[in-house]
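Visitor: Output the structure for:
(one chain, ligands or ions: 1)
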Amino acid sequence: MTPFVKALFDENTFTVSYVVREPDGHACAIIDSVLDFDHASGRTNTTSADAIVEYIRSEELKTEWILESHVHADHLSAAPYLQEKLGGKIGIGANITVVQDTFGKVFNEGTEFQRDGSQFDQLFRQGDSFFVGQMRGDVLHTPGHTPACLTYVIGDAAFVGDTLFMPDFGTARCDFPGGSSAMLYDSIQKILSLPDETRIFVGHDYKAPGRDEYAWETTVGEQKALNIHIGQGRSIEEFVQMRDARDATLAMPRLILPSLQVNMRAGQMPPEDEQGDVFLKLPVNKL
Ligand SMILES: [Fe+2]
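Guide: Model prediction:
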């Protein structure tokens, strides 16, 4: 089965959102949507999400799933907004509970913040499957970047989130709480054991030295041959040393604090105060 994949790129956060649809039907799934957020003013807007809504309505698609590859640290999810407009169930990895536990503490959320994943409609585990119309999706648990990262394999297309990036850019960072470069190595081997012709759709692209255009689609075969961090059978020792050294040089993503607070709630803002106002926290010297 070869699903049709529509990519929508958000240049502000370098995120690729996907609409995956049946080749001969109307069912679709949305993967990794973006709610636009201006950090300086604290304002949200729905330009990116509305582009998804417009595409789905113009193609007369039926949204069955709104999937997250993981709790993103660099953009807010538009899942609840899209669900209200289009329907569909919001899914994420079952290890979201680990992420909720970690960041529930960082943001001192207290007992009203549930850490059982109940904000989501579906928690997926390794080996689970689901359907988008007639198309079957299979779930790979691919931790390392975060504990809850999933790869969704739908027909011949693998949506790998932040594990592998384009071959000339390499792999995702592993230095967030609960991350592990050794774990990411093993997860990537899982992805690379799919057939060589499997299409890989990455969660971000930042261009790469010598490449002026954004790109997000590659294959398992290309990754095995060309990935600058892990291709040509790189050993786990070599990978871990490279990844950890590189991560030590990386700054925190610009939107990490708002993103985590919202995304660990399945894209919902924290509860309103008595006036109906919403606030995000800025923990000092915690991350
Ligand atoms: Fe990420």
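
Visitor: Now for the residue in the stretch 1-150 of the chain that the ion sits nearest to: which residues touch it?
Guide: Closest residue of the stretch 1-150 of the chain to the ion, Cβ to the ion: H72 (4.8 Å). Glycine gets a C-beta too; all of them are placed from N, C-alpha and C. H72 is in contact with T15, D32, D162, S259, N263, counting by Cβ atoms under 8 Å, 6 or more residues apart in numbering.

Visitor: Residues of the protein that sit close to the ion?
Guide: With Cβ under 5 Å from the ion as the criterion, the chain meets the ion at residues H72, D162.

Visitor: which ones are touching the residue positioned nearest the centre of the chain?
Guide: Residue closest to the mean C-alpha point of the chain, counted by Cα atoms, centre = their mean, is S69 at 3.5 Å. Counting by Cβ under 8 Å, 6+ apart, S69 makes contact with I31, D32, C149, L150, T151, Y152, F159, V160, G161, D162, G203.

Visitor: Recalculate using a threshold of 10 Å.
Guide: 18, 31-32, 92-93, 142, 145-146, 148-152, 159-163, 202-203 (Cβ atoms under 10 Å, 6 or more residues apart in numbering).

Visitor: all helices for this protein, in order.
Guide: 47-58, 79-86, 96-106, 181-192, 220-226, 236-247, 256-263 (DSSP state H).

Visitor: Buried deepest among those helices, which one?
Guide: helix 256-263 (a mean of 22; mean count of other Cβ atoms under 10 Å).

Visitor: could you give the angle of it to helix 79-86?
Guide: Helix 256-263 runs at 50 degrees relative to helix 79-86, counting by axes from the mean of the first three to the mean of the last three Cα atoms, to 10 degrees.

Visitor: other SSEs contacting helix 256-263?
Guide: strand 36-38, helix 79-86, helix 96-106 (3 or more Cβ pairs under 10 Å, 6 or more residues apart in numbering; DSSP states H and E).

Visitor: Tell me which residues touch the residue of the stretch 101-250 of the chain found nearest the ion, please.
Guide: Relative to the ion, the nearest point of the stretch 101-250 of the chain is D162 (3.7 Å; Cβ to the ion). By Cβ under 10 Å, 6+ apart, the contact list for D162 reads 15, 32, 69-70, 72-74, 142, 144-146, 149, 171-174, 176, 184, 202-204.

Visitor: And for G161?
Guide: Counted by Cβ under 10 Å, 6+ apart, G161 has contacts 31-32, 67-70, 72, 93, 142, 145-146, 148-152, 172, 201-204.

Visitor: quick revisit: if we ignore the residues flanking it in sequence, what's nearest the residue of the stretch 101-250 of the chain closest to the ion?
Guide: A172 (3.8 Å; Cβ to Cβ, 6 or more residues apart in numbering).
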